[in-house]
Each structure stands twice: as structure tokens, then as C-alpha cells.
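> structure for the following, please:
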Amino acid sequence: MGKTSTYSVQRGDTLLDIARRFDLGFAELMAANPGVDPWLPPPGTSLLVPGQHVLPAAQRTGIVINLAELRLYFYPQDESETRSFPIGVGRAGWQTPQGRTRVDMKANHPVWVPTPSERAENPDLPLSVPAGPDNPMGDYALYLGWRGYAIHGTNRPYSIGRRDSHGCIRLYPEDIAWLFARVGVGTPVTVVDQRFKAGWSGGELFLEVHSGQAGADALESGQTPEPIAEGEVEASLAAVAGSEAARINWETVYITVQQMRGVPVQVTSPRR
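The predicted structure follows:
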């Protein structure tokens, strides 16, 4: 789904600015453009804008969140176009949980009440924060069946595409406004952590590999994300390819796994 494009850096741009302009996360834009200074990208630099995605291996209903790529997928009940949004998730020690839940409640202009664990970390937090510019939940919240967790907006849009929350899922203000209007109470929510995804399009098999949650932190600090075991990818691709496995170009697969750019790459050779 989606389309990949390019963008020529303008004077004064940062990758944070460009990420929001194209509805991307900070880490995914960095991964797609290795070696580019995120704070002072040279004007005229051609950036790859990763707007195309392989769908996660999960039931395609309601909301599906893939922590490894810091992205949310929404499958409308009317089976209209699937939408995808960059997200912020829980930082190390406050990981966003995986599994299946549902939207239990919706709130417009929610009041933020710090959890006991948040208060333990910072005893100076207020008892609650009303709606407004100081509210870290933004203007909309979808409360999940997991107590203490929600999909919500933020007053810190620069945290999208990063691990910066206490476990909740954050969206850009404009994205949560769109999603809030279309998601009802009872909508199923599935959270997975898939660093690589494979899927067919136009008769060809595509592989998309991400640096993962810890890898997002590594990218920001200028370090190399932990690699993925090639054997794990091989087994998964062979299963997806089935009778077409002989068409897989394994050299392309290994390069894609090593680069971890988060962009779908065709890994099958054309039929002869």
C-alpha cells in the first residue's frame, strides 16, 4: 500500500520537519536515508520518502500496530482504503504491550491523570492536567482494554516516530483527529512487533525490513541497530513464497536485511 517518492531538502529543513510534512516518523525517515544529518541536511539533498508499506502479518481488521516500524494501520469496516500513520511508543523500560485488545472508550479533550508508576518516577506531577496545550494526551484519546494504555494525540509532535512515551501510542494531532472520527468503541486493536514483513503485489514478492524498537534509539544516537538473523528471514520468506520460492533472489534478500531501510524491496526475479 502507498507510494514511495523523493524530496529535495530546502534550506532550514530538519528531518523532523520533513517527517511531519510527509506524515512519517523521525526514525523511519532516518532509516530510509542513512548518512544524512538529521538536523542539518544539506540543501538540495534528495531524500527517499518511504510512503509504501507491506501490511503486517496480522488479522486485517480494526487497528493493527507494528511496534518494530512505529506505525499504525487502520482497516475500515466498509473495506475502503487502508490507512497508515506513524506513531510514538513506549521507551525502554516502559514498553508498549503486545497482544489483542479493543477500544473501550473515546474521549474528546481528555483529562490526563498520571498513573502511579508515572508519579513514582516524578513525584512533582500534578494530580491531573485539564485539556489544553499542556496536556500530553492532546485533543483526542482512544482508551484501550489494557488499563492505563491509550492511543492518543500529543503536545509534543516531535516525539512521533520515536520511543518516548510511558507505553501509550501517540499520533500527530492531525492523524488522531482523523482516526478518532472513524473508530468506534469496540474496535479491535492488535499490537505486534515484526521487524520484517513480506507480501505479494503485482505477482512479485516484496520484503520490508526495519531496525526495530531498540534500533530506533540506536539510529538517533548514531549507532548501528542490532542485525536480524538471516535464517529467520529465510524461513519466513520461503513460507510466504510457497511454490514460487525458487524465484527468490537471495542476494537481494540479504542486502535488504543488512540495510534495514524500512522500504519494500522486490526480492523475486521476473518469470522467464
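
> so where do the strands sit in the stretch 1-150 of the chain?
5-8, 46-49, 62-66, 71-75, 83-86, 89-90, 99-108, 140-144, 150-152 (DSSP state E, counting those that start in this stretch).

> figure out which of those strands is closest to I248.
With Cβ to Cβ, the closest approach to I248 among these belongs to strand 62-66: 22.8 Å. C-beta here means a position set from N, CA and C on the backbone, and glycine is covered the same way.

> pull out the buried residues from that closest one.
Neighbour-count burial for strand 62-66, counted by 16 or more other Cβ atoms under 10 Å, picks out 62-66.

> also stretch 167-183?
So for stretch 167-183, counting by 16+ other Cβ under 10 Å, buried means 167-173, 175-176, 179-180, 183.

> a markdown table please, covering the residues you listed and showing pLDDT.
Output for the buried residues of stretch 167-183, formatted as a markdown table (pLDDT from 0 to 100):
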| residue | pLDDT |
| --- | --- |
| G167 | 87 |
| C168 | 93 |
| I169 | 96 |
| R170 | 96 |
| L171 | 97 |
| Y172 | 97 |
| P173 | 97 |
| D175 | 97 |
| I176 | 97 |
| L179 | 97 |
| F180 | 97 |
| V183 | 96 |
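
> which one of these is nearest E234?
Looking at these and their distance to E234, the nearest is I169, at 31.5 Å (Cβ to Cβ).

> what is the neighbour count of the closest residue to A198 other than its chain neighbours?
Distances taken as Cβ to Cβ, 6 or more residues apart in numbering place V240 nearest to A198, at 4.6 Å, with adjacent residues excluded. Neighbour count of V240, defined by other Cβ atoms under 10 Å: 17.

> quick check: V240 touching L205?
Yes - using Cβ atoms under 8 Å, V240 makes contact with L205 at a distance of 6.8 Å.

> identify the contacts common to the two.
Common contacts of V240 and L205, defined by Cβ atoms under 8 Å, 6 or more residues apart in numbering, comprise 198-199.

> hmm, P42 is touching R11, no?
No - checked against Cβ under 8 Å, the pair P42 and R11 is beyond contact range at 9.5 Å.

> the helices in the stretch 151-272 of the chain, which residues?
Applying DSSP state H, counting those that start in this stretch to the stretch 151-272 of the chain gives helices spanning 173-180, 213-220, 230-241, 250-259.

> of P42 and R11, who's got more company?
P42 (10 against 7).

> OK, contacts around that one?
Contact analysis of P42 by Cβ under 8 Å, 6+ apart lists V9.

> I am finished for the moment; much appreciated.
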